[in-house]
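Q: predicted model and sequence below, questions to follow.
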Amino acid sequence: MSAEPQKAELLIRHGYVITMDDAATIHEHGAVAIGAKGRILAVGDDADISARYSAARTIDAKGAPVHPGFVECHLHASFHLYRGALPDHLVESDAFDTFEGHFYNNVTDEDEYLSVLLACMEMVRNGTTCFMEAGTVLTPEMAARAAKEVGVRAVVGDAFIWDQPQGFAQGKTDDHQEGCATCAAQARLHTELVRAPKTHAEALASMGTQLTRNADPDALVTGHVAVLGLGTASEELMMEAKACADAANVTLNIHQSYSPADTAADRQRFGKDPLVHLFETGFLDRNVTFGHANHLTDAECDVLLDRGTSIAWAPAASMMWGHGSSLHGRHAELWRRGASIALGSDSPNWSNDFDLWRQANLAVMAARDVHMDRTYLIAEDGIYMATRGGARAVGLEDRVGSLEPGKRADIVIHTLDRPEMVPTTNMIRNLFYASRAKSVHTVIIDGRVILEEGRFTALDERAIYAEVCKASAALLARMGHRLEANAVPRIARTR
């Protein structure tokens, strides 16, 4: 006599289930059973799972790919109200100038809420189910509120943890001498932000306040320790942040070695390679995630590998601003050597979209092109960075990143009803090189169906978009339309 089926809340059946477990298991005719508390009960062959479990609801994947939700590891989520407002030919020093006294001194809490709301919606539509914010939402509660409303998993930090706001202007290099426009703009940016900390004491008073969210083990929104970095934090503050993250068992997230200029400034500041110095002080560790890390030496790669520190690689951001990480970055090499590499989208005006499929694809393709080797990185590498790598970098590897019993049910279901997905000669190749986010169909986060057949289940999208457009116009008006001064396009080249 057969055993009575166990109860589940949701069954996903008839899927091409990409588990991302340690064995890289794929169930070509697979199923996933999800329990009452948003945890995965079982993953396996469809015939086996459907015989073992009965559920109140079943979703038929119809043969399409099913995989863990992507994890976004370097994100500035509050800039969406002026996405696209930076002219394409704008130099970076002028881009920083738009923040100084303009954006951050005019943006409201409601603006930040709407920006993060739109960011969360964009991420979910592109198959991202979890993100770590980089510590630049002035009122982190607005980020938490927006994430909860959309239903996306979020890891938030306190805003602008620094104690030497003028740090960007320190350590002049040959290309950044006295009077350098970039340094001057960055110095103004950090000293004139009215609502940001100015002193060591103010930074310490803010540091770690988001960690109270971690008291609830089932919380969708949790906290981490964020330090802005790039020369804006003293060593004392950095070590205090490290101690805070260690005590709370969370990730410490910091910008590092973004451009040649700030990397050189750090080298002058420390008297040696920045990561070598951070290794010697004990800052470099497994629970540290560097945003960018585009410019590293051999010695820095060695100590990073030794300590297991993660990097959130943001290829599109570097490409957009011409920083050369594709040519000079060590991310792909480090990945091949066993480093913890994740992916990030940066901001809606630095890479312009929050789509980790795009980031993963750019990472793989750029690495192949630079190394002139088709096998240097492959599709599976990019998918791993966006799932397991991302979960590790945000400190949630025990909860998300793979489809395994006991983990949270953060799951993306694609559709085969896309020209890019047929014929199904190789599902991974079709996903990674052809459809990417275009075939995202249904998204489940913590066991809840957030996006179903391409539509949000609990949001009025049109109303939100209209509200965002209205708020954006008002914000730009308060900023005095300063962005428009740089909006004169280049004359088109004619034949």
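A: Cool, got the structure.
Q: can you give me the buried ones in stretch 371-385?
A: For stretch 371-385, burial by neighbour count (16 or more other C-beta atoms under 10 Å) applies to 376-379, 381-385. For the C-beta atoms, the positions are set from N, CA and C on the backbone; glycine is no exception.
Q: domain-wise, how is the protein divided?
A: 6-68+402-452, 70-393 (automatic domain parsing).
Q: returning to what we had before: ok, of the buried residues of stretch 371-385, which one's closest to Asp410?
A: Ile383 (14.6 Å; C-beta to C-beta).
Q: and the closest one, what element?
A: Taking DSSP states H and E as the criterion, Ile383 maps to helix 379-384.
Q: pull that helix out as PDB, backbone CA atoms only.
A: What follows is helix 379-384, C-alpha atoms only, in PDB (Å, rounded to 0.1, in the frame of the first residue of the first chain):
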ATOM      1  CA  ALA A 379      27.600  30.100 -19.500                       C
ATOM      2  CA  GLU A 380      27.500  28.000 -16.400                       C
ATOM      3  CA  ASP A 381      30.100  30.200 -14.800                       C
ATOM      4  CA  GLY A 382      28.000  33.300 -15.300                       C
ATOM      5  CA  ILE A 383      24.900  31.600 -13.900                       C
ATOM      6  CA  TYR A 384      26.800  30.400 -10.900                       C
END
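Q: quick check: mean pLDDT of the helix or strand just after that helix?
A: Using DSSP H and E, the helix or strand that directly follows helix 379-384 along the chain is helix 390-393. Helix 390-393 comes out with an average pLDDT of 98.
Q: could I get the CA-only coordinates of the following helix or strand past helix 390-393 as CSV?
A: Sequence order places strand 411-414 as the next helix or strand after helix 390-393, per DSSP H and E. Coordinates of each C-alpha in strand 411-414 appear next as CSV, following Å, rounded to 0.1, in the frame of the first residue of the first chain:
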residue,chain,number,x,y,z
ILE,A,411,12.6,30.6,-7.8
VAL,A,412,12.4,31.8,-11.4
ILE,A,413,10.3,30.0,-14.0
HIS,A,414,10.9,30.9,-17.7
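Q: show me what strand 411-414 is packed against.
A: Packing partners of strand 411-414 (3 or more C-beta pairs under 8 Å, 6 or more residues apart in numbering; DSSP states H and E): strand 6-18, strand 65-68, strand 440-445.
Q: go through the domains of the chain and find the least confident stretch.
A: Lowest mean pLDDT of those: domain 70-393, a mean of 91.
Q: quick one: distance of that one to the chain centre.
A: On the basis of C-alpha atoms, centre = their mean, to the nearest Å, domain 70-393 sits 8 Å off its chain's mean C-alpha point.
Q: first to last residue in it, what's the distance?
A: 12 Å (C-alpha to C-alpha, to the nearest Å).
Q: stretch 362-381 too?
A: From its first residue to its last, stretch 362-381 covers 12 Å (C-alpha to C-alpha).
Q: re the thing from before, want to throw the buried residues of stretch 371-385 into CSV with distance to Ala314?
A: Listed next are those as CSV, based on distance: C-beta to C-beta, whole Å:
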residue, distance to Ala314
Tyr376, 19
Leu377, 16
Ile378, 20
Ala379, 19
Asp381, 16
Gly382, 14
Ile383, 17
Tyr384, 17
Met385, 12
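Q: let me know the closest of these to Asp285.
A: Taking C-beta to C-beta as the measure, Asp285 lies nearest Met385 of the buried residues of stretch 371-385, at 20.3 Å.
Q: that closest one against Ala339, yeah?
A: No: counting by C-beta atoms under 8 Å, Ala339 is not a contact partner of Met385; they are 10.6 Å apart.
Q: one step back: deepest-packed of the helices and strands packed on strand 411-414, please.
A: Sort the helices and strands packed on strand 411-414 by mean neighbour count, taking mean count of other C-beta atoms under 10 Å, and strand 65-68 sits at the top with a mean of 27.
Q: check which helices and strands that one sits against.
A: Judged by 3+ C-beta pairs under 8 Å, 6+ apart, strand 65-68 is in contact with strand 6-18, strand 411-414.
Q: next secondary structure after the last one?
A: What that stands for is strand 411-414. Remark: after strand 411-414, the chain's next helix or strand is helix 427-429, criterion DSSP H and E.
Q: sorry, back to before: so which of the domains of the chain comes closest to Leu475?
A: Closest among those, using C-beta to C-beta: domain 70-393, at 5.1 Å.
Q: still on that earlier bit, out of the domains of the chain, which is closest to Gly480?
A: Shortest separation from Gly480 across these is recorded for domain 70-393, at 7.4 Å, computed as C-beta to C-beta.
Q: number of residues surrounding Arg429?
A: Using other C-beta atoms under 10 Å, the number of residues around Arg429 comes to 12.
Q: which residues does the nearest residue in space to it that is not next to it in sequence contact?
A: Of all residues not flanking Arg429 in the chain, Ala379 sits nearest, at 6.4 Å (C-beta to C-beta, 6 or more residues apart in numbering). Going by C-beta atoms under 8 Å, 6 or more residues apart in numbering, Ala379 touches 364, 428-429, 431-433.
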